[in-house]
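1. show me how the following folds:
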Amino acid sequence: MTPTGILVTGGAGFVGSALALRARQAWPEARVTAFDNLRRRGSELNLPRLREAGVQFVHGDIRSPADLAALAHGLDLLVECSAEPSVLAGYDGDPSYVVDTNLGGTVHCLELARRAGAAVVFLSTSRVYPIATLNAIATTDGGTRCEIAPVQTLPGVSPAGISEDFPLAGARSIYGATKLASELLITEYREAFGLRTLVNRCGVIAGPWQMGKVDQGVFSLWMSRHLAGGTLTYNGWSGEGKQVRDLLHVDDLADLVCTQVAGLDQFDGETFNVGGGLGCSLSLQETTRLCQELTGRRITISPVPDVRTADVKLYVTDNARVTAATGWAPRRSPATVLADIRDWMTAHAVDLRRAGV
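-> I've put the predicted structure just below:
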């Protein structure tokens, strides 16, 4: 499709702002609107660059249908990036915000899309996969990292990573449950109302303009501590820092989403695992080494043997299905991702300090 009216919910966030800006480049004749409640500290820093690119910003809350209602006119593509993104959300005893935002917000977006006749691209998460099952993946010691063992008893896992066939039964965190429930609702809306939909289950997304926190944005957090000073910890699994994540540069994700939207009739109804893959993955040990090389600095990192709530030892995306369908594959290396984060943090150090991030 060639969209003419694009709404990006969560559009002032890290991923949403990147996709809104890319949409302006890909479809310069389209009206692009970024919708956000600016709750996450630092998201306001994205507003000037959205404005300069010609992206309209609307301040509102995804939990409020009234805030969305006026955006239906001329809308033909809704990119759903809004979320409470922390896997620890809700564990403080009050899950209402994460449920209302992630699940209730999806319902409100689907209703908006239904009324407008718009297609929906939904950014889901690898966290839909159950924690205990992920931690049951057989691994071997690769020196600086744990590696997926060549022989597995679980379906949907191979040395290439975790595919869409990985089991879904089990507990996955409140955050993960809200995203999986949203996926199920998207399937039902597509069947009941003929919505065109596409779901991307994303691994760790990283790059410039991500405000790294302890609970979300690990690669930005690691670089920030190396640049500004402070301490870090290797949590769980003997405190050795061998746990692994793949990382996908946000610009690689934007490349994919533009390809998917352009061919949406072909990809309608699909659910893809999307991530950096084995070739763009790092352990915490390896992340530390790269940060040291890129900054010339060392910080204190202490071992904490206890596993954090909802943590997993390893997640690497098997991109085979999305690559076969679209021809897309990640292009940017871990070193490039971290160097881009470093350069952005260095160039915007004053603004980041003023924003308290």
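
2. tell me the confidence at the closest residue to residue 130 other than its chain neighbours?
-> Leaving out its chain neighbours, the residue that sits closest to residue 130 by C-beta to C-beta, 6 or more residues apart in numbering is residue 170, at 3.0 Å. C-beta coordinates here come from the backbone N, C-alpha and C atoms, glycine included. On pLDDT, residue 170 comes in at 98.

3. pretty sure residue 170 contacts residue 131?
-> Yes - Residue 170 lies in contact with residue 131 (C-beta atoms under 8 Å); the separation is 7.3 Å.

4. compare neighbour counts for these two and give me the winner.
-> Between residue 170 and residue 131, counting by other C-beta atoms under 10 Å, residue 131 is the more crowded of the two (19 against 12).

5. got phi/psi on the closest residue to residue 180 other than its chain neighbours?
-> Among residues not flanking residue 180 along the chain, residue 128 sits closest, at 4.2 Å (C-beta to C-beta, 6+ apart). Geometry field for residue 128 lists phi and psi as phi -70, psi -20, criterion degrees, to the nearest 10.

6. could you do residue 147 as well?
-> For residue 147, the backbone dihedrals are phi -130, psi 150 (criterion: degrees, to the nearest 10).

7. thinking the residue nearest to residue 180 is in contact with residue 183, fair?
-> Yes - contact criterion C-beta under 8 Å: residue 128 and residue 183 qualify, at 6.8 Å.

8. between those two, which one's more packed in?
-> The neighbour count for residue 128 versus residue 183, taken as other C-beta under 10 Å, is higher for residue 128 (23 against 20).

9. enumerate every residue touching the more buried one.
-> Neighbour list for residue 128: 168, 172, 176, 179-180, 183, 201 [criterion: C-beta atoms under 8 Å, 6 or more residues apart in numbering].

10. if we use 10 Å, what do you get?
-> Counting by C-beta atoms under 10 Å, 6 or more residues apart in numbering, residue 128 makes contact with 166, 168, 172-173, 175-183, 199, 201, 271, 273.

11. quick check: residue 125 touching residue 176?
-> Yes - under the criterion of C-beta atoms under 10 Å, residue 125 lies in contact with residue 176, with a separation of 6.6 Å.

12. can you list residues touching both of the two?
-> With contacts taken as C-beta under 10 Å, 6+ apart, the residues that reach both residue 125 and residue 176 are 87, 102.

13. so between these two, which is more surrounded?
-> More neighbours surround residue 125 than the other of residue 125 and residue 176, with 25 against 21 (other C-beta under 10 Å).

14. what separation do you get for the more buried one and residue 182?
-> 10 Å (C-beta to C-beta, to the nearest Å).

15. and for these two, which residues touch both?
-> With C-beta under 10 Å, 6+ apart as the test, residue 125 and residue 182 both reach 83, 102.

16. if you skip the residues just before and after it, what's nearest to residue 276?
-> Spatial nearest neighbour of residue 276, chain neighbours left out: residue 246 (3.7 Å); criterion: C-beta to C-beta, 6+ apart.

17. where does that neighbour land in three-state SS?
-> Reducing the assignment to helix, strand or coil with DSSP: H, G, I helix; E, B strand; the rest coil, the entry for residue 246 is strand.

18. residues contacting it?
-> If you count contacts by C-beta under 10 Å, 6+ apart, residue 246 has them with 126, 161-162, 203-204, 206, 275-282, 314-319, 330, 334.

19. which among these end up buried?
-> Neighbour counting with 16 or more other C-beta atoms under 10 Å marks 126, 161-162, 203-204, 206, 275-278, 280-282, 314-319, 330, 334 as buried within the contacts of residue 246.

20. helices - which of those residues land there?
-> Assigned to helices by DSSP state H, the following of those qualify: residue 334.

21. what about the buried ones among the contacts of residue 246, which are in strands?
-> With strands identified by DSSP state E, the entries of the buried ones among the contacts of residue 246 that belong to them are 161-162, 204, 206, 281-282, 314-315.

22. number of residues surrounding the closest residue to residue 31 other than its chain neighbours?
-> Excluding its sequence neighbours, the residue lying closest to residue 31 (C-beta to C-beta, 6+ apart) is residue 5, at 5.2 Å. The number of residues packed near residue 5 is 19, by other C-beta under 10 Å.

23. surely residue 5 and residue 76 touch.
-> Yes - using C-beta under 10 Å, residue 5 makes contact with residue 76 at a distance of 5.2 Å.

24. now the common contact residues for the two.
-> Here residue 5 and residue 76 share the contacting residues 30, 116, 118, scored by C-beta under 10 Å, 6+ apart.

25. out of those, list just those in helices.
-> The helices in this structure, assigned by DSSP H, contain residue 116 from the shared contacts of residue 5 and residue 76.

26. and of the shared contacts of residue 5 and residue 76, the nearest to residue 106?
-> Minimum separation from residue 106 among these (C-beta to C-beta) is found for residue 118, which lies at 14.0 Å.

27. got the phi and psi for that closest one?
-> Backbone geometry at residue 118, expressed as degrees, to the nearest 10, gives phi -90, psi 150.

28. likewise for residue 109?
-> When quoted as degrees, to the nearest 10, the phi and psi of residue 109 stand at phi -70, psi -40.

29. cool, and residue 355?
-> phi -80, psi -10.

30. can you check residue 35 too?
-> The main-chain torsion angles of residue 35 are listed as degrees, to the nearest 10 and equal phi -120, psi 130.

31. many thanks, have a good one.
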